[in-house]
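Engineer: My questions are about this predicted structure, shown below with the sequence.
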Amino acid sequence: MLMPNDVPMLENVATMRRSGKRESRENNDALERNETTRENNERVLRTALENQKMVGSKPNSKIIIFMKRSVLQHLCDILDTDNTWETIAPYMSGIAMRDVEACKRYGNYNQSPSMLLLRIWCSKGFTVVHLYQLFAKTKLIRLMRVMKSEVDKKYHYLEEKVLNPARRLRPIVPPAGTQQTASRLKKIDSKDMTSTPTQSITTSSTNDPLRVAIEGTLPVTYQELSEATNGFSVNNVIGKGGYGTVYKGEIRATGGMVAVKRIFAGNDNSTQQGSKAEKERLRQSLTELRTLARFRHDNILPIYAYSLEGPEPCLVYQFMANGSLEDRLLCRKGTTPLTWVQRKEISIGAARGIHFLHSFAKTPLIHGDVKTANILLDKHMEPKLGDFGLCRDGQAEVEATEKRPLIASHIKGTLAYLAPEFITSKILTTKLDVYSYGIVLLEIASGQRAYSESRETRGLVEFCQLNKELARRQKIPLREILVDRKAPAPANEIEEQYLDSLIEIGLAGVCVDRKLRPTMAQVVECLCKNTTPTIA
Ligand SMILES: Nc1ncnc2c1ncn2[C@@H]1O[C@H](COP(=O)(O)OP(=O)(O)OP(=O)(O)O)[C@@H](O)[C@H]1O
């Protein structure tokens, strides 16, 4: 779920900076219009559109508010749920922060904020086709389907394109006089993938894959991020990873929270090794930026903005109020232990995120660093998979027809979560993520860490297998030995079943033979049904 305010704030800061006073006056006008009644809005709109001779022209220029009432209502119902409309607002040319704020206020009065948003967009001359293209761009297939009947058949191919993103979508052509989102983007040369962070961003061809990938993600200045994080103050640090430090940031204009990952800038450029490490850091952050901009899903951490022009590259994410799953399992900062229902829901959400990566495109995307520290929890405890610096296109595990697996060039990821075939032979398939996810499930069930120096059996897989044998000998359920004692004891049979399925699916996921591991699709199904995957 989108944290209120965040994207629009960045949008606003960037938009105001670029467009100056004239647009600010236009925004003021728009705000006043937003606050008039529905009837007034429609009258203003009709007049404006009639003036533009848009009403009654070509069928594809049908205006949004003249869609069939039931279709428009259905769209708004979906967009209002969990404030989904806030996730599309940044992609809507001409929608400024003031408009978003007005929509939020409208929502506070029990009105549909999505309806107002669509009205405002409509007032800027955007049509039903633009809306359909917008849903395609933001990969909201369900919404595309709801309004399909309102759009000329010649645009229906877009749905197929979203499902098969190998082919590029045509850009949304905005109405004359409207600023296009893409044109606001800084152009980034793909060669910058290997340049140093201090190099400025240069102009490149429109076919640049990075530029295409980050279309819709907003550039912000380093200065803005520095202000948001009190000059990257140590008091704002919320975590540290191998490639950078994560800061909590507040965009002062509206008080919205973001998480800013500042990638370490090497100070050792003089040595060959130092500059190699720096290039690797930059490569990873660009991989992350590209991946997150391409894949949007409820269980994938959304990226809001980026800054590549300052002394260190920065990525700006949705702020996840409940930190990482690792933090919550270890009850860091005195937090209460997760309940079994929460553990189950988190497991399912995280599995859905990984399954999405594996199945969304023709070539599956392997995360490569699935671990509890990379599963972040929002204020509703909804899990989102983060840290895409290692993401790479890979090969799906197939059975009889299996092709030669892709071989990774060098070992990456966190050792305790890495599958044996990757450590020994660098074999990279989707089953690498299944293995890591299996470890995550075992951690959720047992509260034990993936690797612990203080445990006699240091690796979690070995620890669980040993206890499985013990439970078999003692003729007791494995859960009785493995259960996380920090958590409240399972309250009933259903909770015991949750726990059993977490353990069983976890153990199936960490099978040494990767072909015997379930697929993520099977994992999601089994977790939802509380069953165990049948291993071939
Ligand atoms: N969007 C966010 N909201 C809140 N906290 C976050 C967010 N992103 C990261 N964090 C916190 O910052 C920590 C570090 O995150 P980061 O992605 O840099 O590193 P990591 O995944 O722990 O390690 P590595 O990058 O080396 O694999 C996380 O473990 C988490 O506690």
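Structural biologist: Noted; the coordinates are in hand.
Engineer: What backbone torsions are found at Ile366?
Structural biologist: Dihedral angles of Ile366 (phi, psi; degrees, to the nearest 10) stand at phi -100, psi 130.
Engineer: and the gap between it and Asp433?
Structural biologist: 6 Å (Cβ to Cβ, to the nearest Å). Every C-beta, even on glycine, is put in place using the N, C-alpha and C of the backbone.
Engineer: Equivalent analysis for Gln448, please.
Structural biologist: From Gln448 to Asp433 the distance is 21 Å (Cβ to Cβ).
Engineer: who has more neighbours, these two?
Structural biologist: Each of Gln448 and Asp433 has its neighbours counted (other Cβ atoms under 10 Å); Asp433 has more, 29 against 17.
Engineer: Skipping adjacent residues, who's closest to Thr372 in space?
Structural biologist: Glu326 (3.8 Å; Cβ to Cβ, 6 or more residues apart in numbering).
Engineer: oh sorry, the question was meant for Pro420
Structural biologist: Nearest one to Pro420, counting by Cβ to Cβ, 6+ apart, is Val512 at 5.7 Å.
Engineer: care to break the protein down by domain?
Structural biologist: For the chain, the TED database gives the domain ranges 64-163, 214-319, 324-400+408-529.
Engineer: distance between the ends of the first one?
Structural biologist: Meaning domain 64-163. 24 Å (Cα to Cα, to the nearest Å).
Engineer: coming back round to it: give me the common contacts of Ile366 and Asp433.
Structural biologist: By Cβ atoms under 8 Å, 6 or more residues apart in numbering, Ile366 and Asp433 have these common neighbours: Leu357, His358.
Engineer: circling back: indicate which one of the domains of the chain is closest to the ligand.
Structural biologist: domain 214-319 (2.1 Å; Cβ to the nearest ligand atom).
Engineer: average pLDDT for that closest one?
Structural biologist: The predicted model assigns domain 214-319 a mean pLDDT of 77.
Engineer: okay, now Cys526: neighbour count?
Structural biologist: Cys526: 19 neighbours (other Cβ under 10 Å).
Engineer: picking that back up, worst average pLDDT in the domains of the chain?
Structural biologist: domain 214-319 (a mean of 77).
Engineer: Report the backbone C-alpha coordinates of stretch 465-475 in PDB.
Structural biologist: Presented in PDB, the C-alpha positions along stretch 465-475 are these (Å, rounded to 0.1, in the frame of the first residue of the first chain):
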ATOM      1  CA  GLN A 465      17.000 -31.800   9.800                       C
ATOM      2  CA  LEU A 466      18.600 -32.900  13.000                       C
ATOM      3  CA  ASN A 467      15.500 -32.000  15.000                       C
ATOM      4  CA  LYS A 468      13.300 -33.700  12.400                       C
ATOM      5  CA  GLU A 469      15.100 -37.000  13.200                       C
ATOM      6  CA  LEU A 470      14.800 -36.300  16.900                       C
ATOM      7  CA  ALA A 471      11.000 -35.700  16.600                       C
ATOM      8  CA  ARG A 472      10.700 -38.900  14.500                       C
ATOM      9  CA  ARG A 473      12.400 -40.900  17.200                       C
ATOM     10  CA  GLN A 474      10.400 -39.300  20.000                       C
ATOM     11  CA  LYS A 475       7.200 -39.700  18.000                       C
END
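Engineer: So which residues make contact with it?
Structural biologist: Thr457, Pro477, Leu478, Glu480, Ile481, Leu482, Leu507.
Engineer: The fourth one: which element?
Structural biologist: Remark: Glu480 resides in helix 478-482, with elements defined by DSSP states H and E.
Engineer: Give me the buried positions along the next helix or strand after that helix.
Structural biologist: Per DSSP H and E, helix 478-482 leads on to helix 493-509 as the next helix or strand towards the C-terminus. Of the residues in helix 493-509, those buried by neighbour count under the rule 16 or more other Cβ atoms under 10 Å are 495-509.
Engineer: same question, stretch 443-457
Structural biologist: For stretch 443-457, by 16+ other Cβ under 10 Å, it's Glu443, Ile444, Ala445, Ser446, Gly447, Gln448, Arg449, Ala450, Tyr451.
Engineer: what sits against the closest residue to the fourth one other than its chain neighbours?
Structural biologist: Put plainly, it is Ser446. Leaving aside its sequence neighbours, Ser446 sits nearest to Leu482 (Cβ to Cβ, 6+ apart; 4.6 Å). Going by Cβ under 8 Å, 6+ apart, Leu482 touches Leu442, Ala445, Ser446, Cys464, Asn467, Ile503.
Engineer: what about Phe360, how many neighbours?
Structural biologist: Phe360 has 19 nearby residues by other Cβ under 10 Å.
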